[in-house]
Each structure stands twice: as C-alpha cells, then as structure tokens.
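*Asks:* Just to be clear, the model below is a prediction. Sequence and coordinates:
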Amino acid sequence: MAARGFRLSVTQRTLLVIAVLAVALFGYWATRGAGAAPPPSSAPVPVSAGDAQKQLDELTIAARTSMDGYSREKFPHWDSQGSNCDTREVVLKRDGKDVKTDKDCKPTSGTWTSVYDDETWTKPTDLDIDHMVPLGQAWASGAKAWTTEKREQFANDLTRPQLFAVTDNVNQQKSDKAPDQWKPPLVAFWCTYATDWIVVKHYYGLTITQAEKTALTDMLRRC
C-alpha cells in the first residue's frame with residue numbers, strides 16, 4: 001500500500017533523467033568505440049639497426065611477381081579514424097607542427113617537413129601520404145594473395161612505420177619502387193628508411209629480392 005502512494009520530487013525526477021541519459025550515452029560510446037584504439041599521436045619509433053638486421057635475415061627471398069590484376073582500389077584507403085578524420089588527415093595532423101583543422105578534420109594550416117628530402121611545406125596540398133612499402137610493391141611481394149581486409153589494414157596502418165607525409169613530387173618519383181630501385185634524396189634518412197621498410201615487410205610477411213636485401217644491408221651500415 002505504501003508503494004502505491006510513492007511520488008518522486010522534481011529534483012529526484014531530474015536526477016533520474018540525467019542518470020538514464022548518462023547510461024545511454026556511455027552505452028553508445030562503449031559500443032561505438034569497442035575494439036578501436038585511438039590513432040597514435042606520434043610516428044612509430046624506428047627499431048635499432050641490429051633488430052632490423054635480424055628481421056631482414058628472417059625475410060624470404062623471392063622474385064617479385066607480376067603486377068597483373070593490381071589496382072590501388074584493391075587496397076581500400078583512407079579509412080575513417082573517428083572524430084570526422086580519415087587516415088590521411090590523421091597522418092597530416094601527426095606529422096605536422098601547429099596544425100589547425102576545420103570541423104571536417106581537413107588541415108587548414110600548419111608546417112610539415114618531409115623526411116625524404118628535408119623540405120618544409122605550409123600547404124597540405126604540397127604533401128602526399130606515402131606508404132613506406134608501396135601498395136604495388138606489396139602486391140608483387142605477397143599481398144596479391146591477401147584478403148581485401150588485410151590489404152585495407154596494410155594501406156591504413158598507423159601502428160607500424162608505414163605512413164608518412166612527404167613532398168608530393170618526391171613520392172611520385174618513388175612510385176612503387178623498392179630500395180634497390182629508389183632511395184630518398186636525403187641520405188641522412190637512409191638508415192631509418194631501411195629499418196622502417198624492413199619492419200613493415202617483416203610484420204606482414206612480405207618477400208624481398210636479393211637485390212633489395214643487398215640495398216637494405218648497405219643502408220643499415222649508415223645507422
């Protein structure tokens with residue numbers, strides 16, 4: 001009988017509504033973010049030359065396969081990374097200084113120094129997001145047999161040293177070439193270029209050619 005006459009005060013009803021909304025919002029964000037870690041705010045730290053050499057020795061040497069069937073569309077990118085940002089925009093924010101963005105996460109100003117040639121840029125349009133191991137190079141050294149999901153992970157990998165903001169025309173010169181075919185103009189970056197290339201290929205189980213291994217070994221000597 002007592003329960004039938006029970007009434008909530010205005011304050012109690014307000015607190016109840018707030019509690020219900022808080023639980024609902026928590027459930028929404030917990031579900032939305034389940035299994036998704038926030039993108040890193042800094043580039044991966046290069047491994048030591050010794051560790052890179054060990055990983056290099058573990059890579060399988062094989063001839064590059066043909067590019068038959070290859071297209072960039074088979075490596076879906078750029079993925080959404082949350083907060084209206086895609087992978088490209090995350091890398092531009094990560095690799096730049098004093099980067100400002102609009103409500104859609106597109107950089108509107110900032111300063112970027114390309115690791116490949118040490119050139120500094122203030123317009124995002126002067127930069128490409130380079131795949132350390134290019135998509136075509138990956139295709140010819142094992143990725144042809146991957147699922148689309150794995151190729152998508154490779155093309156949007158923010159955890160390994162795979163993505164960098166670099167001078168656009170230098171990136172175009174690199175294209176899909178391996179280190180035996182192309183090296184960054186900035187010789188001081190060759191050590192890191194080699195260790196990063198090896199880390200990515202080792203993690204994804206991609207093959208290398210003998211010429212590629214020789215070039216990487218020579219570059220590691222500069223570390």
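*Replies:* Yep, that arrived.
*Asks:* switch to C-alpha atoms for all contacts and neighbour counts from now on
*Replies:* OK.
*Asks:* In this structure Pro179 contacts Leu216, no?
*Replies:* Yes: the pair Pro179 / Leu216 is scored as a contact, 6.7 Å apart, by Cα atoms under 8 Å.
*Asks:* okay, these two: which has more neighbours?
*Replies:* Counted by other Cα atoms under 10 Å, Pro179 and Leu216 do not tie: Leu216 has more neighbours, with 24 against 21.
*Asks:* ok, back up a step: got any residues that touch both of Pro179 and Leu216?
*Replies:* Ala194 (Cα atoms under 8 Å, 6 or more residues apart in numbering).
*Asks:* Can you report how many residues neighbour the residue lying closest to Leu92 once chain neighbours are set aside?
*Replies:* In this structure, Leu92 finds its nearest non-sequential neighbour in Ala165, 6.2 Å apart by Cα to Cα, 6 or more residues apart in numbering. Look at Ala165: counted by other Cα under 10 Å, it has 26 neighbours.
*Asks:* secondary structure class for Ala165?
*Replies:* On the three-state scheme (DSSP: H, G, I helix; E, B strand; the rest coil), Ala165 is labelled strand.
*Asks:* That one and Asp57: what is the separation?
*Replies:* Distance, Ala165 to Asp57, using Cα to Cα, to the nearest Å: 29 Å.
*Asks:* Check Asp126 too.
*Replies:* Going from Asp126 to Asp57 by Cα to Cα gives 37 Å.
*Asks:* residue ranges of the helices in this protein, please?
*Replies:* Using DSSP state H, the helices of the chain run over 10-32, 49-58, 87-95, 135-139, 148-155, 168-174, 190-204, 210-220.
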